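**Q** Sequence first, predicted model second:
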Amino acid sequence: MQECLEEALAHIGIRAHLDVAARTDAGVHALGQVVTFTARAAWHPAELRAAVNAWTPPALLCLEAACVRSRLHARASALSRTYVYLVGTPAPPCLAGYAWSLPDRRAFPEMSAPRIDTVRARDALLRMVGEHDFGGFARPGAQTARREANPRATVRRVLRAEVVSAAEEPVTAFVLEGCGFLRAMVRNIVGAAVSAAVGAVDPARMSAILDAPRDRYRGVRAPGWGLTLVRVVYGEPLFSSSSAPQERR
């Protein structure tokens, strides 16, 4: 989708490096992605929004545009990010492509009648709250190399972890808010929490991985399509109708 936005901006004469609030794996959705860039053209925010949407596909929509101070950076200035992961038992047709539908024979070969035990799910997920070394839940490779150079490279702080059941559908939402996340960290955490919720592992396994971050998580990784970035929080409001058309970010 970043390429689509870059192409849309190029169509209206803006060629700029894009900084995004959060990187997402293939198949992951975003409702609250934030992008900053610098441009010399004096676009009014409302006109820029309309121009971008004229060149982007239906799946990519600019909800709002604004002029912000030049030092604001979509990723570095963010205070927190909130992800929601949906799991259905099974997922209703309206959520096809947006929720992990159980049973999933590849993830849980022995599962017959899927059921999310929310007590076990919360027990597992709440163990993630706080500042921990999440290296065990990260994608191997680059993260491991970074940790060798800096022992705190894989330390992150999770502010909130919730399990919410839908009122009318067999759908459970796993909500994680944190100051930052490692690659594949959310999907691995959800995979482990769902494994605990269906009785495949003990919830205490989550704490064991945090206590020994070099002991990489090797269990079920939740598929990308069930994950959505829903909110990015900054220290000040980003969008205001009073923004003047000067140098744009």
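**A** Sure, I can see it.
**Q** domains for the protein, by residue range?
**A** Each domain of the chain is listed here as a residue range: 2-76, 80-230, per automatic domain parsing.
**Q** what is the nearest residue to residue 152 once chain neighbours are set aside paired to in the beta sheet?
**A** When the adjacent residues along the chain are set aside, residue 152 lies closest to residue 133, with 7.9 Å between them (Cβ to Cβ, 6 or more residues apart in numbering). Heads up, the C-betas are built off the backbone N, CA and C, glycines and all. For residue 133, the beta-bridge partners are residue 155 (DSSP bridges).
**Q** For the closest residue to residue 45 other than its chain neighbours, give me its contacts.
**A** With sequence-adjacent residues excluded and distances taken as Cβ to Cβ, 6+ apart, residue 45 is closest to residue 65, at 4.1 Å. Counting by Cβ atoms under 8 Å, 6 or more residues apart in numbering, residue 65 makes contact with 43, 45, 46, 48, 49, 52, 239.
**Q** repeat that for 7 Å
**A** By Cβ atoms under 7 Å, 6 or more residues apart in numbering, the residues touching residue 65 are 45, 48, 49.
**Q** residues contacting residue 140?
**A** Applying Cβ under 7 Å, 6+ apart, we find residue 140 in contact with residue 216.
**Q** Now it, what are its backbone angles?
**A** For residue 140, the backbone dihedrals are phi -70, psi 160 (criterion: degrees, to the nearest 10).
**Q** can you tell me how far it sits from residue 150?
**A** With distances taken as Cβ to Cβ, to the nearest Å, residue 140 is found 17 Å from residue 150.
**Q** Also residue 17?
**A** In this structure, residue 17 lies at 25 Å from residue 150, with Cβ to Cβ as the measure.
**Q** for the protein, what helix or strand is lowest in average pLDDT?
**A** The element with the least model confidence among the helices and strands of the chain, by mean pLDDT, DSSP states H and E, is helix 142-149, at a mean of 63.
**Q** State the distance from the residue of the chain positioned farthest from its centre to residue 14.
**A** Distance to the chain centre peaks in the chain at residue 42, reaching 32.2 Å (criterion: Cα atoms, centre = their mean). According to Cβ to Cβ, residue 42 and residue 14 sit 12 Å apart.
**Q** Give the other helices and strands that the longest helix anywhere in the chain contacts.
**A** Secondary structure of the chain per DSSP state H: the longest helix is helix 185-197. When contacts are defined as 3 or more Cβ pairs under 7 Å, 6 or more residues apart in numbering; DSSP states H and E, helix 185-197 sits against strand 80-88, helix 118-126, strand 171-178, helix 204-211.
**Q** Could I have the CA atoms of it written out in PDB?
**A** Output for helix 185-197, consisting of C-alpha atoms alone and laid out as PDB, is shown next (Å, rounded to 0.1, in the frame of the first residue of the first chain):
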ATOM      1  CA  MET A 185       5.600  -9.800  17.900                       C
ATOM      2  CA  VAL A 186       1.800  -9.200  18.000                       C
ATOM      3  CA  ARG A 187       1.000 -12.200  15.800                       C
ATOM      4  CA  ASN A 188       3.200 -14.500  17.900                       C
ATOM      5  CA  ILE A 189       1.700 -13.200  21.100                       C
ATOM      6  CA  VAL A 190      -1.800 -13.700  19.800                       C
ATOM      7  CA  GLY A 191      -0.900 -17.200  18.500                       C
ATOM      8  CA  ALA A 192       0.400 -18.100  21.900                       C
ATOM      9  CA  ALA A 193      -2.700 -16.600  23.700                       C
ATOM     10  CA  VAL A 194      -5.100 -18.500  21.400                       C
ATOM     11  CA  SER A 195      -3.100 -21.700  22.000                       C
ATOM     12  CA  ALA A 196      -3.600 -21.100  25.700                       C
ATOM     13  CA  ALA A 197      -7.300 -20.300  25.100                       C
END
